[in-house]
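**Q** Quick one, structure for this:
(one chain, ligands or ions: 1)
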Amino acid sequence: MIRLDKFLCDRQEGSRSQVKELIRKGRVCVNGLVEKKPESKIDENAQVTVDGRLIGGESLVYYMLNKPAGVVSATRDNFDKTVLDLLQDAPGKNLSPVGRLDKDTEGLMLITNDGELAHRLLSPKKHVEKTYYVKTKRPVEKESLEKLKAGVDIGEEKLTLPAKAEYVPEEGESAIYLTITEGKFHQVKRMLQAVGNEVIYLKRISMGELKLDETLEKGCYRPLTKEERKALGI
Ligand code: URA
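**A** Numbers count the residues shown, from 1 in each chain. Below you'll find the predicted structure:
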């Protein structure tokens, strides 16, 4: 618990005497109710407003993680290390990964507490493109590439939506870039299976306008840059 006047001073709402004045004038609400006593004790997580403006609300943070294999993309796990374990020192509350990657998949993960952005990137209706670097057990013939593009049967009600698929230059037919706009469970692995192949290495390299920073070491994270935030519309 903390005194209301101290709470406001700590959040740069004015000097002690200025915030006392604001409170006495009835301009401050705590959890929706006017509070006129500067000395009243409030919970650190209380919702405090001055003239209707929320003070000290949770600040939104955005990190790019280069997920290594062997780490699960859940927020908690009893056995495995999680992606959030890799961001233990990162400032910000209630962080969550945006979407899931399999334990053995590497690459781009966006970690944030901005639920609205997460929804925007994950909503099936938005068809946000996710591009994967896919290494396969056997060569992907031209015919399979065309099938992946058109849509394949992965045991769902419908074929997969049209995708982009192209060979990774200089890797012959053993690696492709696959861009999908859905996020079905194990989708890329199942798509390759549907054309009689098998994924032996998978790495996400982009999600919407966000591209994996290849200079970010596996297991490392950094805040999104201004340009990256702008590209995501945040
Ligand atoms: N598709 C998969 O099969 N696995 C992932 O981790 C992501 C997409």
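**Q** Domain ranges for this structure, per the record?
**A** 2-55, 62-124+216-231, 130-207 (automatic domain parsing).
**Q** Next one: the last one, is it in contact with the ligand?
**A** What that stands for is domain 130-207. Yes. Domain 130-207 reaches the ligand (C-beta under 6 Å from any ligand atom) through H186, Q187, V188, K189, L202. (Each C-beta comes from the backbone N, C-alpha and C, glycine too.)
**Q** List the buried residues in the helix or strand hosting the fourth one.
**A** For K189, the element it lies in under DSSP states H and E is helix 187-194. With burial defined by 16 or more other C-beta atoms under 10 Å, the residues of helix 187-194 counted as buried are Q187, V188, K189, R190, M191, L192, A194.
**Q** Run the chain-centre distance for that helix.
**A** 23 Å (C-alpha atoms, centre = their mean, to the nearest Å).
**Q** Residues touching it, excluding its own?
**A** 102, 132, 134, 136, 140, 147-148, 152-155, 160, 163, 178, 180, 184, 198-199, 202 (C-beta atoms under 8 Å, 6 or more residues apart in numbering).
**Q** out of the residues you listed, which are buried?
**A** Buried, going by 16+ other C-beta under 10 Å: 102, 132, 134, 136, 140, 147-148, 152, 154, 160, 163, 178, 180, 199, 202, out of these.
**Q** For the ligand, state which of those is nearest.
**A** D102 (3.6 Å; C-beta to the nearest ligand atom).
**Q** list the contacts for K67?
**A** S73, V83, L101, T105, E106, G107, L108, M109, R204, K218, G219.
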